[in-house]
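**Q** Let me see the structure of the following:
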Amino acid sequence: LLPHHNIMAMSEGSSSPQGVKLAAIETLLERATAMGLRTTTQVCDALVKPLTEGRKCAYIETIDASLVGPATCFISHAWKYELKDSVDVMRQVEKENPGTVFWFDVVVNNQHDTGNRPFEWWCTTFKNSIEQIGSVVLVLAPWDKPIPLTRSWCLFEIMSSFNARDVHFQIRMPTNQQKAFLENALHRLDAALDALVCVKTESSQAFKEQDRANIFRAVEASIGFQQLNSLVNDQMRKWFLEQAIKGVEECSEPAAQTWEFAVLCSHLGVMLNDFGIREKALVFQNKAIAIANSPVNIQIRNREICIIYLNHGNVLCDMRRYKDALRSYETALEMQLNNVSIGEADPDTAITYNNIGRAYTKLFDFQAARKFLDKALSIREAKLGPDNLATASTYNNLALVHANLYTKEDMDKALDFSNKSLRIREKLLDEYHPDLAATYEYRGLVFMNMGDMTKYKWCEARADKINRRIYGDYDGTAPFADTLFSFADTLFSSIPQQPSVEPANPTNVVEVLTVAFRDVGNLKLDAALQRFQDSIFAHNADTSTNATARLNMAHAQAKTLASYSQAMSNFQLGLDLLCRAVGDPSVSIALCYDWGQQLQQRGQFVEALLCFEQTLAVQQVTLGYTHPDAESTFERIVTVLSLGDYGTLIQSFFTSRAD
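**A** Down below sits the predicted model:
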């Protein structure tokens with residue numbers, strides 16, 4: 001006997017697995033409820049086995065033939081569940097697909113003869129049978145720590161589903177878990193994220209140790225635990241998102257105006273933002289702010305309203321709308337400073353200072369960023385202590401800021417802050433927590449700016465491994481690989497357009513570019529490239545919009561990795577167009593400097609030197625030789641020169657200049 005798991009068996013001589021309709025399982029549930037039986041194990045031992053003892057047969061053989069047929073949906077579940085939870089999920093499936101025939105092990109398997117087959121037989125039978133059924137539904141509960149993910153045989157079913165050909169796999173949770181999830185999300189910002197971090201199929205157990213060892217070998221020989229965890233997380237994320245949107249959209253009108261609903265919208269917006277669903281996250285955050293500022297709630301100016309504005313700003317910041325984000329942060333800060341119960345030295349105010357510093361970092365105003373981050377750190381170290389996760393966040397942000405100031409003193413501080421952040425997060429967080437990935441990302445950039453490309457690449461790989469496990473398919477490029485896009489987006493939002501040289505329908509062009517930006521963010525790079533190309537052909541040569549398209553097309557091409565030479569060509573052309581359209585060569589400084597950073601990151605040191613030299617030339621004319629920004633660029637050039645064979649690099653550099 002293989003207890004408490006879902007094993008696959010076909011009737012001898014049957015050409016396809018047999019199942020039962022929902023009515024047959026409802027009848028079994030009614031009998032079990034009348035007897036006071038709750039879990040599937042109890043139902044099997046006290047009901048199914050006694051009913052089939054005389055014939056030593058499967059329960060399915062006692063059911064009316066009209067309720068039996070070829071199975072169309074395989075139900076994977078844990079025997080620790082209450083039977084009603086599995087039935088609840090089957091009702092959901094039946095509602096969407098009337099007439100579904102369920103393969104449910106306690107019903108279709110002969111429970112008197114389950115231990116006489118070798119492990120290899122179950123492997124083959126599982127794979128072949130699941131392929132014939134074509135649909136697998138995994139019942140997960142509780143939502144935050146699902147039992148099936150702790151059981152090796154359930155893990156084996158999941159793996160078999162992913163390995164089988166043309167099988168539709170989905171996760172479902174009982175209705176009571178949907179309610180529990182929404183209630184939890186009301187009180188915890190990171191509830192869903194924590195649930196994903198807890199997915200560790202490599203920690204599952206089995207009644208028989210040999211079964212566990214065999215299953216683990218099978219997983220490692222096929223998709224591996226890393227991929228298996230990611231695939232399960234993909235399905236869990238999908239369920240979280242569906243429930244979040246459903247919970248908000250189905251809320252009745254009176255309840256939708258309450259303060260509690262505003263908080264729920266804000267918290268669910270955080271979850272959507274964590275999962276990269278930025279546009280929907282902003283809708284939720286806007287809804288939260290609208291409700292919070294409604295006449296019935298306008299007098300509520302507590303800590304939570306400040307957090308709502310902070311959450312709103314975080315979404316805008318992640319959407320690269322940094323100036324809009326700063327406005328939300330500054331609104332929160334004003335409320336905090338004017339509230340006697342909060343004030344300047346409160347940890348919540350430190351959150352705002354930290355986030356303002358983060359926004360200024362994204363705008364490449366490192367001096368302003370450092371000022372606000374220093375304030376945040378002072379509060380957090382005093383109120384929370386140096387070994388707190390919030391303090392670690394500020395350490396991490398300060399590491400990035402000092403790494404971009406380039407003096408020897410700043411580089412030393414950057415590494416020190418990075419070390420502190422890493423030490424705290426490694427001690428207090430799970431090894432696959434996304435905040436730990438953020439530390440590795442920023443730490444990698446510190447090492448890159450110090451010229452240690454080996455450590456940079458190691459940190460980047462470690463961050464990528466964590467992010468792919470939690471978020472699945474995501475943009476795995478390090479943070480500054482997005483800076484060209486960020487700079488262009490920020491820069492052009494402040495450049496006046498020139499109607500006299502734009503085409504007659506500039507609104508359509510803006511829409512095309514907006515969609516293209518979104519395509520880049522969602523890694524739909526081919527579509528983005530085509531949209532950028534279309535907008536380029538639709539414009540006159542010397543317009544700032546054309547420059548926008550060229551520069552962002554270069555960014556998209558750079559991210560495809562296969563068309564980097566085209567990216568460089570479009571970048572240089574876009575830069576030239578920008579200078580002509582705006583009439584101010586100084587606007588090229590940030591873009592050219594950033595492009596040099598990307599080239600340095602890729603190990604293309606000669607090309608990086610050319611970009612930094614061009615940046616330095618403009619800085620020396622517009623700012624002067626002794627300006628800190630010019631000195632920073634010079635330090636960058638020295639750093640790049642130290643990364644390779646000095647003589648060869650210098651020779652190649654001057655050869656490129658001559659060309």
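
**Q** for this structure, what spans make up the strands?
**A** Counting by DSSP state E, the chain has these strands, from start to end: 18-21, 68-70, 73-76, 101-103, 135-139, 168-172.

**Q** any idea which of the ones you listed scores lowest on pLDDT?
**A** Note on those: strand 168-172 shows the lowest mean pLDDT, a mean of 86.

**Q** Would you mind writing the CA trace of that one as CSV?
**A** Extracted as CSV, the C-alpha positions of strand 168-172 are listed here (Å, rounded to 0.1, in the frame of the first residue of the first chain):
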residue,chain,number,x,y,z
HIS,A,168,-3.4,20.6,-20.0
PHE,A,169,-2.2,21.2,-16.4
GLN,A,170,-3.8,23.6,-14.0
ILE,A,171,-4.0,24.4,-10.3
ARG,A,172,-7.3,24.9,-8.5
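
**Q** by contact count, what packs against that strand?
**A** Counting contacts by 3 or more C-beta pairs under 8 Å, 6 or more residues apart in numbering; DSSP states H and E, strand 168-172 packs against helix 83-96, strand 135-139, helix 152-163, helix 224-249. C-betas here are computed from N, CA, C, even on glycine.

**Q** Including distance to A399 and mean neighbour count, could those go into CSV?
**A** What follows is the helices and strands packed on strand 168-172, written out as CSV (distance: least, C-beta to C-beta, whole Å; neighbours: other C-beta atoms under 10 Å):
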stretch, distance to A399, mean neighbour count
helix 83-96, 46, 19
strand 135-139, 41, 23
helix 152-163, 38, 24
helix 224-249, 28, 18
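
**Q** Dump the ones you listed into a markdown table; add distance to D452 as well.
**A** Putting these into a markdown table (distance: least, C-beta to C-beta, whole Å) gives the following:
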| stretch | distance to D452 |
| --- | --- |
| helix 83-96 | 52 |
| strand 135-139 | 44 |
| helix 152-163 | 39 |
| helix 224-249 | 27 |
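
**Q** Show me the shaky parts of the stretch 351-500 of the chain.
**A** Filtered on pLDDT under 70, the stretch 351-500 of the chain yields the residue ranges 471-500.

**Q** The same query, at a cut-off of 80, please.
**A** Residues of the stretch 351-500 of the chain that meet the criterion pLDDT under 80 lie in 364, 406, 448-451, 453, 467-500.

**Q** residue boundaries of the helices in it?
**A** 366-383, 389-403, 408-428, 434-450, 453-471, 483-493 (DSSP state H, counting those that start in this stretch).

**Q** Please name whichever of the ones you listed is nearest to V136.
**A** Set against V136 and scored by C-beta to C-beta, the helices of the stretch 351-500 of the chain come closest in helix 453-471, at 21.9 Å.

**Q** Report the buried residues of that closest one.
**A** Using 16 or more other C-beta atoms under 10 Å as the test for burial, helix 453-471 gives 453, 456-457, 459-460, 462-464, 466-471.

**Q** Now tabulate those residues in CSV and tack on distance to R38.
**A** As requested, those are arranged in CSV below (distance: C-beta to C-beta, whole Å):
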residue, distance to R38
M453, 59
Y456, 55
K457, 53
C459, 49
E460, 49
R462, 44
A463, 44
D464, 44
I466, 38
N467, 40
R468, 39
R469, 34
I470, 34
Y471, 36
